[in-house]
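S.K.: next input, structure requested:
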Amino acid sequence: MSHVPHELHEEFPEAAEKLHQLKIGDSHFARLADEYHNINREVHRIETDVAPASDEVLEDLKKKRLFLKDQIAAKLAATENTVS
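M.R.: Sure, this is the predicted structure:
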């Protein structure tokens, strides 16, 4: 099990600038990114035993994080298609 945080700039290293631009220019994207960040931090705290939680809670948070990551990836892909 990895105890490394899954920060967005690490998940999408090729899109660091686009992530930044979307965060400041798209309020919906900014909310997605903030929610991802909050859930990701909580997962990391649980995995490193800073915040105890059941396996069910951890798995639910990981599923939410993955859902948000998929939405973020879709938004990145959509902006990629509109730039071309």
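S.K.: max-length helix in this protein?
M.R.: Residue-count comparison of every helix in the chain, with assignments taken from DSSP state H, identifies helix 55-83 as the longest.
S.K.: which strands or helices does that helix pack on?
M.R.: On a contact count with 3 or more CB pairs under 8 Å, 6 or more residues apart in numbering; DSSP states H and E, helix 55-83 meets helix 16-25, helix 27-47. No exception for glycine: its C-beta is placed from N, CA and C like everyone else's.
S.K.: in the shortest one, what counts as buried?
M.R.: Within helix 16-25, the residues that count as buried by 16 or more other CB atoms under 10 Å are 19, 22-23.
S.K.: equivalent analysis for the longest one, please.
M.R.: Within helix 27-47, the residues scored as buried using 16+ other CB under 10 Å are 29, 32-33, 35-36, 39-40, 42-44, 46-47.
S.K.: any chance of these in TSV, plus pLDDT?
M.R.: What follows is the buried residues of helix 27-47, written out as TSV (pLDDT from 0 to 100):
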residue	pLDDT
29	97
32	97
33	97
35	98
36	97
39	97
40	96
42	96
43	95
44	94
46	95
47	93
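S.K.: out of the residues you listed, who's nearest residue 6?
M.R.: residue 40 (5.5 Å; CB to CB).
S.K.: done for today, thanks.
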